[in-house]
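> A predicted structure for the sequence below; I have some questions about it.
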Amino acid sequence: MQQYIARRGDTVSRIAARHGITPGHVIQGNPWAGEQPYLYPGQILYLPSAPRRRYSVQDGENAETISALFGVSIEELERFNPGVASGRAITAGKVLVIPQPASAQVVTVRSEYGPAEVERDTGLLVEKYPFISREVIGTSVLGKPLHLLKIGSGPRVLHVNGALHANEWLTSPCLMSFIEQYGAAYAEGKSWHGRRPEEWYRNWTLLAVPMANPDGVELVQEGILPGQAGYEELMSWNSGRRSFRHWKANIRGVDLGDQFPAHWEEEQERRGIQGPAPRDYGGPAPLSEPEAAALAELAERFPGEAAVSLHSQGGEIYWNYRGYEPAESKGLAADLAAASGYRAVELTGSDAGYKDWFIQRFRKPGFTVELGTGKNPLPLGDFEDMALETGLILADILSHRYFLD
């Protein structure tokens, strides 16, 4: 067992990922870590060495089949098991050490995905794919950058944002993952699930804000400690609870999903929340929060043909808003639902959302997509399915005949 001293930003999952072990291994050695909502800087944990996977060779197997089975290279197998490559060490019943597969992907999710991960991965993506560009469209309340990724050179603009709600942060890597896969397929001249990225690139400009609420995401993932700025207010707004896992708002207790000038006053009256809270408080005025204002300004600067706001959870696609939507929106939503396995839902009794404002302001198709099912924050194990579903929905928009006719 090795000793580890927690520092600011550490979580059980992040420590486990850094040391090549599972969160269960961390908690097994430190049961108290599973009983408190967050780790505190200075707490001492005892971590086991990274356990190695082992495999008993089956009849008829060789280095190639084992390599394919576990997704590792023959060279890596040989490094841990000398003689495997030549076949000398491949006999039925022989126990092999299986190394962890090396990931060629930039966007991976092994622990919480927060503002630091967005900062790192957006930089790596633009470095790896020069045709993807990055800019900062504004800053959060606490001064964190609101990153925009741009891919494509076409005349049609598609706006997409993720993590508008803090505890729905898994939507961020889902969006980032699609951009990476789009970029890789375009660079290699390959199709993506039967679609043609070179046509997307020629016809569309995709503008993506992966994490619209970085302060709130960090609060959900890391909590807040006594002595930190805003501690007393946040604890009061959170009714004294130390855990912020349920928190949807930004760091000022304003729900960014209720911040847009689309019948905003009616939404505030319906919600009945008069001040900062974990959710449903629309703020003192529409676009009072810098995060919402930055998204609106971006859409005004680059009027789009369509917009998608990624949320979780429910496996649903909302497509309408008070009759302001184009007549074709219902059919578009049905197609997106068919592509993803989600349900297209006609929503009533909701105002002031990003999708609502976009439809009302531009009279163009807008969609709120509720990724995944369960309880927020959704588990890391749901990421791959959610990322694929995100991609299938966005790919269907980018390829849809409605926009290309």
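Sure, I can see it.

> neighbours of the residue nearest to Ala50 when sequence neighbours are not counted, how many?
Excluding the flanking residues, the one nearest Ala50 by Cβ to Cβ, 6 or more residues apart in numbering is Gly20, at 3.7 Å. For glycine as for every other residue, the C-beta is placed from the backbone atoms N, C-alpha and C. The tally of other residues near Gly20 (other Cβ atoms under 10 Å) stands at 14.

> quick one: contacts of the helix or strand hosting Phe358?
Assigned by DSSP states H and E, Phe358 falls within helix 354-362. With contacts defined as Cβ atoms under 8 Å, 6 or more residues apart in numbering, helix 354-362 is touched by 159, 161, 164, 257, 260-263, 292, 295-296, 299, 303-304, 307, 309, 318, 320-322, 324-325, 329, 350, 364-368.

> can you flag which of those residues belong to strands?
159, 161, 307, 309, 318, 366-368 (DSSP state E).

> show the buried residues in these.
Listed as buried from the ones in strands among the contacts of helix 354-362 are 159, 161, 307, 309, 318, 366-368; burial here means 16 or more other Cβ atoms under 10 Å.

> any idea which of these is the one closest to Phe80?
Asn161 (43.2 Å; Cβ to Cβ).

> how about that closest one, nearest residue that isn't a chain neighbour?
Per Cβ to Cβ, 6+ apart, closest to Asn161 is Val209, 4.3 Å.

> so, low pLDDT: which residues of the stretch 301-405 of the chain?
Scanning the stretch 301-405 of the chain for pLDDT under 70 picks out nothing.

> which stretches of it form helices?
Counting by DSSP state H, counting those that start in this stretch, the stretch 301-405 of the chain has helices at residues 329-340, 354-362, 383-399, 401-404.

> against which helices or strands is the third one packed?
It stands for helix 383-399. For helix 383-399, the packing partners by 3 or more Cβ pairs under 8 Å, 6 or more residues apart in numbering; DSSP states H and E come out as strand 156-161, helix 171-188, helix 197-203, strand 204-209, strand 306-312, helix 329-340, strand 366-371.

> re earlier: give me the buried entries from the contacts of helix 354-362.
Using 16+ other Cβ under 10 Å as the burial test, these include 159, 161, 164, 257, 260-263, 292, 295-296, 299, 304, 307, 309, 318, 320-321, 324-325, 329, 350, 364-368 as buried.

> the residue nearest to Ala50: which element?
Per DSSP H and E, there is no helix or strand for Gly20.

> what is the most widely separated pair among the buried ones among the ones in strands among the contacts of helix 354-362?
With Cβ to Cβ as the measure, no two of those lie farther apart than His159 and Tyr318, at 15.7 Å.

> and of the ones in strands among the contacts of helix 354-362, the nearest to Leu77?
Distance to Leu77 across these (Cβ to Cβ) is lowest for Asn161, with 42.4 Å.

> for the closest one, what are its contacts?
175, 208-210, 212, 295, 308-310, 354.

> got it, and Gly304?
By Cβ under 8 Å, 6+ apart, the residues touching Gly304 are 156-159, 207, 358, 362, 364.

> could you rerun that using 6 Å?
Taking Cβ atoms under 6 Å, 6 or more residues apart in numbering, we find Gly304 in contact with 157, 159.

> just the one 4 residues further on next, same as before
With Cβ under 6 Å, 6+ apart as the criterion, the residues that contact Val308 are 160, 367, 369.

> tell me what the second one is bridged to.
Beta-bridge pairing of Phe367, defined through DSSP bridges, involves Val308.

> what's the burial count for Trp319?
The number of residues packed near Trp319 is 26, by other Cβ under 10 Å.

> would you mind measuring from it to Ala327?
Trp319 is 12 Å from Ala327, where distance means Cβ to Cβ, to the nearest Å.

> got it, and Lys375?
For Lys375, the distance to Ala327 equals 36 Å [Cβ to Cβ].

> who has more neighbours, these two?
Per other Cβ under 10 Å, whichever of Lys375 and Ala327 has more neighbours is Lys375, with 11 against 7.

> mind listing what's buried in stretch 187-207?
192, 195-197, 200-201, 203-207.

> which helix or strand in the chain has the lowest average pLDDT?
Within the chain, judged by mean pLDDT, DSSP states H and E, the helix or strand with the poorest mean is helix 74-80; its value is a mean of 88.

> kindly export that one (C-alpha atoms) in CSV.
C-alpha atoms of helix 74-80 as CSV (Å, rounded to 0.1, in the frame of the first residue of the first chain):
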residue,chain,number,x,y,z
ILE,A,74,1.3,-7.8,-29.7
GLU,A,75,4.3,-5.7,-28.8
GLU,A,76,2.8,-4.9,-25.5
LEU,A,77,1.9,-8.5,-24.9
GLU,A,78,5.5,-9.5,-25.6
ARG,A,79,6.8,-6.9,-23.2
PHE,A,80,4.9,-8.4,-20.3
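
> packing partners of it?
helix 63-70 (3 or more Cβ pairs under 6 Å, 6 or more residues apart in numbering; DSSP states H and E).

> centre of the chain to the helix it packs on, how far?
The chain centre lies 31 Å from the centre of helix 63-70; the measure is Cα atoms, centre = their mean, to the nearest Å.

> buried residues, it. List them.
Buried, per 16+ other Cβ under 10 Å, within helix 63-70: 63, 66-67, 70.

> per-domain residue ranges of this structure.
The chain is divided into the following domains under automatic domain parsing: 2-47, 53-98, 115-216+287-404.

> any chance of CSV for those, columns distance to Arg270?
CSV is the format used below for those (distance: least, Cβ to Cβ, whole Å):
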stretch, distance to Arg270
domain 2-47, 31
domain 53-98, 50
domain 115-216+287-404, 7
